[in-house]
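J.: Need the 3D shape of this:
(2 chains)
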Amino acid sequence: MSGLDEPLLRDLVPAVIGVLVRRGADFAAAEDAVQEALIRALQTWPEDPPRDPKAWLVTAAWHKFVDAARAETSRQRRELAVDAEPPAGEVAGADDTLRLYFLCAHPTLPAAAALALTLRAVGGLTTRQIAQACLVPEATMAQRIVRAKRRIEGLPLDQPGDLATVLHVLYLVFNEGYGGDVDLAAEAIRLTRHLVVLTDGEPEVAGLLALMLLHHARRASRTGPGGRLIPLAEQDRARWDTALIAEGVEILQIALAKDRLGEYQAQAAIAALHADAPKVAETDWVQIVEWYDELLAFTDSPVVRLNRAVAVGEADGPQAGLAALAGVDADVPRHAAVAAYLHERAGDLEAAAELYADAARAAASVPEVEHLTREAARVRQLSRS
Amino acid sequence: MKYLLLKHYRGGPAPAVDFPPMDQWTPEEVDAHVQFMRDFAARLHESGEFVDMQALSADGTFVRHAGQGRPPVTDGPFAETKDLIAGWYIIDVDSWDRAVEIAGELSAVPGPGGEPLNEWLEVRPFLGAEAPKSSE
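T.: Predicted coordinates:
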């Protein structure tokens, strides 16, 4: 890979696939052709770098596609283009890449398939990298991608897709976790930055980017040695990435100024208020509750109501928090943990310990189980003393 | 050859010592327990004997086919008497003896007062690997 700008190559992948698809190539065939063109680029660019890498790739991939298409019908006509140095060709516009985002996040695709396809076609990651990042075997991921491609076969690329679905997929990528060589959170941020440019600063896209940056800025402080969870209130704020926070806040402010509020901007505003407090005691919980009310107007989900109950508990006291919690479905994940916390603050230690133990049994990850079990043990000890 | 070390919530022989649930220990006892598990996994990684480790939620159910066009029958959530798997390690070791030795170490994870829990673990060889045998 020496002498090659790998991030540049990855950035070019979606644009090149987009051009091929617009010219009439089937998505799967276009993607294969681009992969082959990339291999050829790896072989020849170190010796003979092209003047216009994007044009080079478009031409090379188109030749590969034409070659493959002809091979299927008439093998004699394969001579075209394979050995010739591809001349500079038409360069993809931003529009093609944007359509590729829409295609990869098509509403007919299951979330896991949309996520894989987006990382592959838009992110330019290899199947192996995606498999490692999602913690599944490479063969499984390869099959998932093949099935996803088959599912979107023949879908027209000439109509605008649903931006909300694209944003949802990017947020899924961000939340998927980290592993192997690829940090999916960083990859999601990279792709969302890209999408902000493509959509000319669409407020919700910018809102999602701000949200990711603000979460990402606090990532290092969220876990302790051995993966132990550290709750927000106990995090070492000196470890927060202030440059990322500043960038997230600035992006959010520009988005909010356009006065087209949406759920990602509202979530980013809440994250920004947390990031803004130098100490947990200085958190502006009253404003956070107001933003949760805005958020509820866009997406009235039990999870939002649950988080709002926490904020109400901080702004107006644990009894108010418990009253807000009473309206939330008890089956929502983390419901017992929130109830435990509010009961502890209200001084009902025995109920808090029981609820922490319940929460530990219902937790979805080992670090969460360990954290909540320890909380139960801590509160029981308090209630005994 | 590969072995599965199964950790059970319930089931298996009667426990050697009947400890209270973990949320009734002290926070320090919980920490010591968790730290032992982390160190244990780290040692297996270092010796090259680690393959996989997963923990399972306590929720779950039995499911069976109920005939064409009918929804499957479920039985659960688990009643007290049913066995329930908490999670597993998969290890790749040189011998059955080594697998038993590792399971023995894992069983000694500390509980209340720092005393070993001595919980039962199930050790099962994978089919397709060599048959389990004692070391020569």
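
J.: What distance do you get for the residue nearest to residue A:145 when sequence neighbours are not counted to chain B?
T.: Nearest non-adjacent residue to residue A:145, counting by Cβ to Cβ, 6 or more residues apart in numbering or on different chains: residue A:116, 5.3 Å away. C-beta coordinates here come from the backbone N, C-alpha and C atoms, glycine included. Distance of residue A:116 to chain B, given as Cβ to the nearest Cβ, to the nearest Å: 22 Å.

J.: Residue A:167 contacts residue A:205, doesn't it?
T.: Yes. Contact between residue A:167 and residue A:205 holds when scored by Cβ atoms under 8 Å: they sit 6.6 Å apart.

J.: Show the secondary-structure elements that the longest helix belonging to chain A is packed against.
T.: In chain A, taking DSSP state H as the definition, the longest helix is helix A:53-73. Under the contact criterion of 3 or more Cβ pairs under 8 Å, 6 or more residues apart in numbering or on different chains; DSSP states H and E, helix A:53-73 touches helix A:6-22, helix A:27-44.

J.: so it versus helix A:6-22, what angle?
T.: 50 degrees (axes from the mean of the first three to the mean of the last three Cα atoms, to 10 degrees).

J.: Extract the C-alpha set from helix A:53-73 and format it as CSV.
T.: Extracted in CSV, the C-alpha atoms of helix A:53-73 (Å, rounded to 0.1, in the frame of the first residue of the first chain):
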residue,chain,number,x,y,z
PRO,A,53,-7.3,9.7,-9.8
LYS,A,54,-11.1,9.9,-10.0
ALA,A,55,-11.3,10.0,-13.7
TRP,A,56,-8.7,7.2,-13.9
LEU,A,57,-10.8,5.0,-11.7
VAL,A,58,-14.1,5.8,-13.5
THR,A,59,-12.5,4.8,-16.8
ALA,A,60,-10.8,1.7,-15.5
ALA,A,61,-13.9,0.5,-13.7
TRP,A,62,-16.1,1.2,-16.7
HIS,A,63,-13.8,-0.9,-18.9
LYS,A,64,-13.8,-3.7,-16.3
PHE,A,65,-17.6,-3.5,-16.3
VAL,A,66,-17.9,-3.5,-20.1
ASP,A,67,-15.4,-6.3,-20.2
ALA,A,68,-17.3,-8.4,-17.7
ALA,A,69,-20.7,-7.7,-19.4
ARG,A,70,-19.3,-8.8,-22.8
ALA,A,71,-17.7,-11.9,-21.4
GLU,A,72,-21.1,-13.1,-20.5
THR,A,73,-22.5,-12.8,-24.0
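
J.: buried sites along it?
T.: A:53-67 (16 or more other Cβ atoms under 10 Å in any protein chain shown).

J.: Relative to residue A:23, how far out is residue B:74?
T.: Using Cβ to Cβ, to the nearest Å, we find residue B:74 at a distance of 51 Å from residue A:23.

J.: quick one on the thing from earlier: can you list the helices and strands packed on helix A:53-73 in a markdown table and add mean neighbour count, distance to chain B and mean pLDDT?
T.: Shown next, in a markdown table, are these (neighbours: other Cβ atoms under 10 Å in any protein chain shown; distance: least, Cβ to the nearest Cβ, whole Å; pLDDT from 0 to 100):
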| stretch | mean neighbour count | distance to chain B | mean pLDDT |
| --- | --- | --- | --- |
| helix A:6-22 | 21 | 29 | 84 |
| helix A:27-44 | 19 | 31 | 89 |
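
J.: For residue A:212, find the nearest of the ones you listed.
T.: Evaluated over the helices and strands packed on helix A:53-73, closeness to residue A:212 peaks at helix A:6-22, with 18.2 Å, by Cβ to Cβ.

J.: For the residue of chain B found nearest chain A, the count of nearby residues, please.
T.: Here chain B gets closest to chain A at one residue, residue B:23, 3.5 Å apart by Cβ to the nearest Cβ. Look at residue B:23: counted by other Cβ atoms under 10 Å in any protein chain shown, it has 23 neighbours.

J.: Then residue B:60?
T.: For residue B:60, using other Cβ under 10 Å, the count is 14.

J.: Get me the contact residues on chain B for chain A.
T.: B:21-27, B:29-31, B:34-35, B:38, B:55, B:57-59 (Cβ under 8 Å from any Cβ of the partner chain).

J.: Identify each of the helices in chain B and give its residue range.
T.: In chain B, the segments counted as helices under DSSP H are B:27-47, B:96-107.

J.: Can you add mean neighbour count, mean pLDDT and distance to residue B:124 and give these back as CSV?
T.: Shown next, in CSV, are the helices of chain B (neighbours: other Cβ atoms under 10 Å in any protein chain shown; pLDDT from 0 to 100; distance: least, Cβ to Cβ, whole Å):
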stretch, mean neighbour count, mean pLDDT, distance to residue B:124
helix B:27-47, 16, 94, 17
helix B:96-107, 17, 95, 9
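
J.: ok, now how distant is the closest residue to chain B within the stretch 1-150 of chain A from residue A:285?
T.: Closest residue of the stretch 1-150 of chain A to chain B, Cβ to the nearest Cβ: residue A:135 (10.7 Å). To residue A:285, residue A:135 is 36 Å away according to Cβ to Cβ.

J.: which one of those two has more residues nearby?
T.: Counted by other Cβ under 10 Å, residue A:135 and residue A:285 do not tie: residue A:285 has more neighbours, with 17 against 12.

J.: list the contacts for the residue of the stretch 151-300 of chain A found nearest chain B?
T.: Per Cβ to the nearest Cβ, residue A:226 is where the stretch 151-300 of chain A lies closest to chain B, at 4.6 Å. Contacts for residue A:226 (Cβ atoms under 8 Å, 6 or more residues apart in numbering or on different chains) come out as B:34-35, B:38.
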